[in-house]
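Engineer: here is my input; please provide its structure:
(4 chains)
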There are 4 protein chains.
Amino acid sequence: MGENRAEIQRRMTEWRRDFHKYAESKWTEFRTAGKIAEYLTELGIPVLLGEELMEPDMGFGVPDMAVRRAEMERAIRQGADPDLVEKMNGLPGVAGIIDTGGEGPVTALRFDIDALPFAENDSPTHRPEREGFRSCNETGCHACGHDGHAAIGMAVAAWIMEHKEELCGTIKLIFQPAEEGGGGARGIVARGLLDDVEYFFAGHVGLTRPDGLPVESHQLVGGVRDFLDSRRYNVRYTGIAAHPCGDPQKGKNALLAASTAALGIHSIAPHSQGMFRANVGILRCGISRNTIAPNAYMEVEVRGENDVVAEYGEERMLQIVKSAAGLYDVEYEIELVGKTTSGAADDEAIALVMDCAKEVPWFEELIPIGSVGGSDDASDMLRRVQEHGGIGTYIGLGATFPTSFHDPAFDFDEEVLLPSAELFENIVKRIHGK
Amino acid sequence: MGENRAEIQRRMTEWRRDFHKYAESKWTEFRTAGKIAEYLTELGIPVLLGEELMEPDMGFGVPDMAVRRAEMERAIRQGADPDLVEKMNGLPGVAGIIDTGGEGPVTALRFDIDALPFAENDSPTHRPEREGFRSCNETGCHACGHDGHAAIGMAVAAWIMEHKEELCGTIKLIFQPAEEGGGGARGIVARGLLDDVEYFFAGHVGLTRPDGLPVESHQLVGGVRDFLDSRRYNVRYTGIAAHPCGDPQKGKNALLAASTAALGIHSIAPHSQGMFRANVGILRCGISRNTIAPNAYMEVEVRGENDVVAEYGEERMLQIVKSAAGLYDVEYEIELVGKTTSGAADDEAIALVMDCAKEVPWFEELIPIGSVGGSDDASDMLRRVQEHGGIGTYIGLGATFPTSFHDPAFDFDEEVLLPSAELFENIVKRIHGK
Amino acid sequence: MGENRAEIQRRMTEWRRDFHKYAESKWTEFRTAGKIAEYLTELGIPVLLGEELMEPDMGFGVPDMAVRRAEMERAIRQGADPDLVEKMNGLPGVAGIIDTGGEGPVTALRFDIDALPFAENDSPTHRPEREGFRSCNETGCHACGHDGHAAIGMAVAAWIMEHKEELCGTIKLIFQPAEEGGGGARGIVARGLLDDVEYFFAGHVGLTRPDGLPVESHQLVGGVRDFLDSRRYNVRYTGIAAHPCGDPQKGKNALLAASTAALGIHSIAPHSQGMFRANVGILRCGISRNTIAPNAYMEVEVRGENDVVAEYGEERMLQIVKSAAGLYDVEYEIELVGKTTSGAADDEAIALVMDCAKEVPWFEELIPIGSVGGSDDASDMLRRVQEHGGIGTYIGLGATFPTSFHDPAFDFDEEVLLPSAELFENIVKRIHGK
Amino acid sequence: MGENRAEIQRRMTEWRRDFHKYAESKWTEFRTAGKIAEYLTELGIPVLLGEELMEPDMGFGVPDMAVRRAEMERAIRQGADPDLVEKMNGLPGVAGIIDTGGEGPVTALRFDIDALPFAENDSPTHRPEREGFRSCNETGCHACGHDGHAAIGMAVAAWIMEHKEELCGTIKLIFQPAEEGGGGARGIVARGLLDDVEYFFAGHVGLTRPDGLPVESHQLVGGVRDFLDSRRYNVRYTGIAAHPCGDPQKGKNALLAASTAALGIHSIAPHSQGMFRANVGILRCGISRNTIAPNAYMEVEVRGENDVVAEYGEERMLQIVKSAAGLYDVEYEIELVGKTTSGAADDEAIALVMDCAKEVPWFEELIPIGSVGGSDDASDMLRRVQEHGGIGTYIGLGATFPTSFHDPAFDFDEEVLLPSAELFENIVKRIHGK
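Structural biologist: Numbering: from 1, shown residues only, chains lettered A, B, ... in the order given. Prediction:
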């Protein structure tokens, strides 16, 4: 190792906090991707950007190009390299392709880089606020640890370039945008980046142990088998506005229709063939206090441990959305805005991770199988690799955190950063070592 | 009359459409009030502005001064006189005080001038859109006809000044802001403007007949007795955000608490001692699709035909808001943001209106008592006048309209404007004629 | 008067308490009708029973003949005359037709005699329990005062027979069954009993004053104009039973469909054209704790001050019932089981009552117009009389009571009995006096 | 084997159909237990009845002794031996204790015998109806296959007695009442019957495979690890009755409180540490259509894969029940009426079952671990055996069935009966063979 571990940990923390401060939600990660691309380029790694990286028009919830251009300008104002951002041309994200020169296998490592679309907690007890790296973007909050994932990927890139002579084959480092409901993996898969990949690894800080408890610092999960099949919908109810005293009977109350739908969706019965989850995350209704609400907007997600369960939940949800409209005699529109497949890690890949983790002393407790507790479109990449005969897994990088995921006050134990990079490095050494 | 009726009608329509286009919701009516003040001044009428007009700190939902200063600047950009706006000093509205010189009674005519706080309908079938006077302010929509009220008041002002020699006593023309939930009348009452008033008249386009049908063009209602007692509250629920798959049990779902409260409030049982009305007009919940919603905001209004009914509804509403928090184990805050008294017109004032209306041929059908179908803080002014021994009424100026009140596509038959001004003129003549 | 007032009051109280103790709900009033018929016969009044009194098959919620035969046997066991009960032949109720011999007008006085279908309160603080006249029938409770109405009718019958010589014309005393949701008036109207009636009077203890307060002892209401149009429905939801752990997704939950419908029906918006009322009074769902409920049964009533409002409520209710089925993917059946028309008393009849009441000193406060606060199928009889050119009214006989109507602990001030009979006697004297 | 297999199968079917026809729900199984006790006695097996079998006062939902005495009389009328029923003295169930004479291990086989408390489906397509063995008891329906379990236990008893000479040790055949929510196992455990048991086996027709599909005919599940921790509650809401038109504001609506609670309980969020299930199975509200419902009764069950999850669900449920009362300002009472522990089969016992099943050719597919998909108080017995160092399992006896469990139209493939008995016989032979 060309420099001491403390220095690397320091630098990773710096990167993580920089990404945290300029948190960018799905399809706006131009600064984050720009900073990474700049570093990869400095390291001498060829990068793929824009349509080289992904097919356009495959994502969900992609804002209009005008909005994305404004975000590109913001990214530049916030320090991104203008040329690199320009090359993205509205499609954030970056991949570094390291061809070692020697014949050998093809491995892809995937790091997701997007934040959640809400403002970060500003309480003085929240470390990012206290230590000055709270997000300055009102619509971005790293409440899922992807800032750390990006930092890990950058450290791995540096290590590979330092040890390139000892390695053979090709390593692809994919810094993916829009994991949080944006289907960022889809365009990359469609572009063919995973088609020749034999080994696929992705990781996530935290995750869940088999007993339902979080994976804490010093623990590691080798893989998960419960990527949920997820379907995301936006719903709009349109009623008729009316004065609630003068003409109450003329109103068609979209607010009550949406409230009923939300309660109904959260009461969908579970399924015996696997875990089922539903959430109404957003509800926006009404135009003024003193008007029967003619409009309602709702964001919904249903997920199942497999296709059967997800389809059951989707069908029930659609019935509820429709019938709640009938209850209050309002119109409705519903739009599919996202979809992720289910999936499972391969035993062989899990075993390889467990072996490699033994050499990283920070990970004291190694748990073969854990739970992703949701969905991650790493499953879309993994599925493509498996279809072509490759193997892969999704690793739980234990890191204690004070809240739930997706809480505006989320933070995590930054000690996990360096050991996580070392684990990925060991994996690369094992597969690609000459 | 110094010019022909068609010309006056044309000018009133122009005024009304101008106010409509630059619609300003409660506590931002700086342009509307500025234009009216400018006209009154041109007519030679002394005006009261700012703290001359009203006590500050009496309104509900008054934005911060910084916001109001920004709105004052907007008003100036949209054509208001900078000096007049400056004199308002954050308190929109204007009163013109016409002292005829001769001894005589004191009459107040009240015209409300604010719009509703939402965007206007932009369908090509909506006349304001088609004919180019749709509101250019996204947060203002004249969906209750106050643009017309302002125009009527201006025409009456001109007529009085033309006939000043024939009149005695004092006439106060009050152009009131913030009728829609802002308690605009309260500060004016507190300043004492109504304390010496012997006759009080206000009017509203439309209103409701005793049989529940709208008061159409060519009909007139002499007074109402059903001003509702209204209490307005804002509610905030605070739960805990969590990943709906990974940690569902850690979430405290504020969205479901608010949905339950909304349904509960709309199911409060009626009351045998008078009309009861409740409305949840605004609901805003959640931070992202894939997060259990930790926050909810709700705007509520309960009204009763009298104190007993309104207090019953208020108490039930408070129970529901609190218990819905308990159902989902979330915290809540509730804040009183508005209050209007109940009230009733005086028989003598109604009789006077009926008499005066007979001389306006456009009003073909005269109905003594109608219904306001809600609340109007004209009742606060009327109550003060009655407390000092005066009398007053609230007139329904029949005008056919295509939607319900408060619908973003509201419009009304502009033919009502001139006859309405003539009615007020007759009233003034009857009371103040030498 | 042939005996002193105290004695009459004593006897009326005795009758009332006897009917109270053997309370019989709709279409089972064989003992009550039998006892009345026996007394009328003793007085020498010809009675109409069974199909002489009413068309069969016109009522709502009439039990099977087998059930009614069992109730007839019960009535006989509880002291009714077997021959009279037999003549009823499954159709309870009785009318006494007093032809005075002399030419003159035709008047009908209507007294309803049925109880509510639930068990009476058995608290020691409840007077009927304390004084030993609590209902011994589990499915009958006089929680609406009809026991008193029957007693008043019997006293009036006795008085008329005592004073027959001083009277002319015909007086029909109709003791009607099944007022509470059974449509008992319909068959009597259909039989033609009201076709020649010129004056119609019915009364009810209690009722409501114009200000919404109850009509207390010593007060009298001359008439009402707010008979509500009522429509009654039974709803059945049929889902699919399933084990809630083993097969939750296979269940179709009728219990949740019905719960949603109940909440929805109670949240139907009010109507500007008149009072609207809805109630889900009965809900019965499920087959065992540990089974997803495949069945639900619901009894609903919607009422409006007029046809427009009632039809609005009925339409909204039907939408809600249907859509709630959709929400939980269950089947539903809905059946109309009752209907009562709206109606209003005639001014002339009210004036006559006010005049006659002045001669009854117990009634100290006379209020011309009150509120029935619901529906009463006296309106069906009144409407028929009005259609033939007759007039009528529905009198509020002030009587203080400790609970709401329809509360299992209902009771009323028995002092009202004698003055009420005297009022009816005065009315008869005024119309039929020679 | 002393007679041919077809004959045994015929006899088992006969027994099963006899129990099916006279289905008895929890704590009323006097006829079923009586018939079994009679047979065991005929075979020469000493039986334990009444307080010999179980501690009294340990069950949940045990009816009053008067009710049980009436059920004992009914059982006798339906063919049970009066002396045996008398010995039960209100505590149904029976155990046969076979002491082979030779020293050896102690094994308990448990067969539950109770039905569900509802009427059976009477459609002509339902085999029990078509073939004449539909339940004649309106409050009993064998919708969970316990009729088959009883028949299996009887066949095993006969086989053991035929082969007693070849066996050593003690075999206890426990025919347990009140598995369905009655806590029937508790009193038997408390009496000490399991205290010396080394091997414990129970079985259930059907069950669920690891993939969530039902265990069909010719399949076998060796054990389950997901006995749910179950807590059962009854809830009563008490409001105030009122006339929904005359006094709506005086009512306190218990029906709406219960409806809200039911919807709330079905919307309790899932838990990441294991399966969570909730069900409101029974809802009964109201006294008449035209009365605001003053009463509601609700039966609830919450279950979790472990204590943590069950306690979470219980706590949420209690919050909801309480807060729903607050929403409608009604009183509530809640009573714990049942509790079952979680549990898991032992690997060694599962392996033994798998081995023994290989010798029963009808079972073609052997699955080591399945799912009970709920709770069964066999877990209470198993836990006691494990506490004393013994082992045990709960076997899934594959049997295709046309509906879900607990559906009034439940039936199962009777072919499973004989192979199931043979499996238990193999197990006994393996453990107790000399």
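
Engineer: tell me the residues of chain A that contact chain D?
Structural biologist: When proximity is defined by C-beta under 8 Å from any C-beta of the partner chain, chain A lies next to chain D at A:208, A:211-213, A:263, A:266-267, A:269-277, A:308, A:371, A:373. C-beta: built from backbone N, CA, C; applies to glycine.

Engineer: now which of those would you call buried?
Structural biologist: A:208, A:212, A:263, A:266-267, A:269-277, A:308, A:371, A:373 (16 or more other C-beta atoms under 10 Å in any protein chain shown).

Engineer: return the subset of these lying in strands.
Structural biologist: Secondary structure from DSSP state E places A:276-277 of these in strands.

Engineer: helix, strand, or coil at the residue positioned nearest the centre of chain A?
Structural biologist: Centroid check for chain A by C-alpha atoms, centre = their mean gives residue A:179 as the closest residue, at 3.0 Å. What DSSP: H, G, I helix; E, B strand; the rest coil gives for residue A:179 is coil.

Engineer: any idea how far it is from residue A:375?
Structural biologist: Per C-beta to C-beta, to the nearest Å, residue A:179 is found 9 Å from residue A:375.

Engineer: can you check residue A:67 too?
Structural biologist: 26 Å.

Engineer: settle it for me: which of those two has more neighbours?
Structural biologist: residue A:375 (30 against 13; other C-beta atoms under 10 Å in any protein chain shown).

Engineer: wait, what's in contact with that one?
Structural biologist: A:227-230, A:303, A:340, A:342, B:245 (C-beta atoms under 8 Å, 6 or more residues apart in numbering or on different chains).

Engineer: close to chain B: what parts of the stretch 251-400 of chain A are there?
Structural biologist: Counting by C-beta under 8 Å from any C-beta, the stretch 251-400 of chain A sits next to chain B at A:251, A:253, A:255-256, A:258-260, A:262-263, A:266, A:275, A:277-294, A:296, A:299-301, A:303, A:371-375.

Engineer: which of these fall within strands?
Structural biologist: A:277-285, A:296, A:299-301, A:303.

Engineer: selecting buried members of these in ChimeraX, what would you type?
Structural biologist: The ChimeraX selection below is limited to those of those classed as buried (16+ other C-beta under 10 Å):
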select /A:277,278,279,280,281,282,283,284,285,296,299,300,301,303
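
Engineer: and the ones in strands among the residues of the stretch 251-400 of chain A next to chain B as TSV, adding pLDDT and distance to residue C:98?
Structural biologist: Listed next are those as TSV, based on pLDDT from 0 to 100; distance: C-beta to C-beta, whole Å:
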residue	pLDDT	distance to residue C:98
A:277	94	76
A:278	95	71
A:279	96	74
A:280	97	69
A:281	96	75
A:282	96	73
A:283	97	68
A:284	97	70
A:285	97	65
A:296	97	65
A:299	97	74
A:300	97	71
A:301	95	76
A:303	94	78
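
Engineer: what is the nearest of the ones in strands among the residues of the stretch 251-400 of chain A next to chain B to chain D?
Structural biologist: residue A:277 (6.7 Å; C-beta to the nearest C-beta).

Engineer: follow-up on the earlier one: quick one: contacts for the closest residue to the residue nearest to the centre of chain A other than its chain neighbours?
Structural biologist: If you skip the residues right next to it in sequence, residue A:179 has residue A:112 as its closest partner in space, 3.8 Å away by C-beta to C-beta, 6 or more residues apart in numbering or on different chains. Residue A:112 sits next to A:146, A:149, A:175-177, A:179, A:184, A:202, A:376, A:378 when contact means C-beta under 8 Å, 6+ apart.

Engineer: number of residues surrounding residue A:344?
Structural biologist: 19.

Engineer: contact partners for it?
Structural biologist: By C-beta under 8 Å, 6+ apart, the neighbours of residue A:344 are A:224-227.

Engineer: from the residues you listed, which land in strands?
Structural biologist: residue A:224.

Engineer: distance to chain B and pLDDT for the contacts of residue A:344 - can I get that in JSON lines?
Structural biologist: Compiled in JSON lines, those are given as follows (distance: C-beta to the nearest C-beta, whole Å; pLDDT from 0 to 100):
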{"residue": "A:224", "distance to chain B": "11", "pLDDT": "93"}
{"residue": "A:225", "distance to chain B": "14", "pLDDT": "89"}
{"residue": "A:226", "distance to chain B": "9", "pLDDT": "85"}
{"residue": "A:227", "distance to chain B": "10", "pLDDT": "88"}
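
Engineer: farthest pair within the contacts of residue A:344?
Structural biologist: A:225 and A:227 (7.8 Å; C-beta to C-beta).

Engineer: just to revisit the earlier point, flag whichever of the contacts of residue A:112 scores worst on pLDDT.
Structural biologist: Within the set of the contacts of residue A:112, pLDDT is lowest for residue A:376 (92).

Engineer: that one and residue A:207, how far apart?
Structural biologist: In terms of C-beta to C-beta, residue A:376 sits 10 Å off from residue A:207.

Engineer: any common contacting residues for these two?
Structural biologist: With C-beta under 8 Å, 6+ apart, residue A:376 and residue A:207 have no common neighbours.

Engineer: dump the residue contacts of the residue nearest to the centre of chain A.
Structural biologist: So residue A:179 contacts A:26, A:112, A:114, A:146, A:185, A:376-378 (C-beta under 8 Å, 6+ apart).

Engineer: burial check on the residue lying closest to residue A:379 once chain neighbours are set aside, number of neighbours?
Structural biologist: Distances taken as C-beta to C-beta, 6+ apart place residue A:343 nearest to residue A:379, at 3.5 Å, with adjacent residues excluded. Look at residue A:343: counted by other C-beta under 10 Å, it has 25 neighbours.

Engineer: residue A:206 versus residue A:343, what's the distance?
Structural biologist: 19 Å.

Engineer: filter the buried ones among the residues of chain A next to chain D down to the ones close to chain C.
Structural biologist: A:267, A:269-273.

Engineer: which ones among the residues you listed map onto helices?
Structural biologist: Under the assignment DSSP state H, these contribute nothing to helices.

Engineer: of these, just say which sits nearest to chain B.
Structural biologist: residue A:267 (9.7 Å).

Engineer: quick one, phi/psi of that closest one?
Structural biologist: Here is the backbone geometry of residue A:267 (degrees, to the nearest 10): phi -110, psi 20.

Engineer: how far does stretch A:384-403 stretch from start to finish?
Structural biologist: End-to-end distance for stretch A:384-403: 34 Å, by C-alpha to C-alpha, to the nearest Å.

Engineer: what are the buried residues along that stretch?
Structural biologist: A:384-386, A:390-401, A:403.

Engineer: pLDDT wise, what is the residue nearest to residue A:179 at?
Structural biologist: For residue A:112, the predicted pLDDT is 98.

Engineer: which strand residues bridge it?
Structural biologist: residue A:176 (DSSP bridges).

Engineer: and for the closest residue in space to residue A:56 that isn't next to it in sequence, the neighbour number?
Structural biologist: In this structure, residue A:56 finds its nearest non-sequential neighbour in residue A:91, 6.1 Å apart by C-beta to C-beta, 6+ apart. Residues near residue A:91, counting by other C-beta under 10 Å, number 27.

Engineer: could you measure from residue A:91 over to residue A:75?
Structural biologist: Taking C-beta to C-beta as the measure, residue A:91 falls 13 Å from residue A:75.

Engineer: likewise residue A:195?
Structural biologist: 30 Å.

Engineer: quick one, which of those two is more surrounded?
Structural biologist: Between residue A:195 and residue A:75, counting by other C-beta under 10 Å, residue A:75 is the more crowded of the two (26 against 13).
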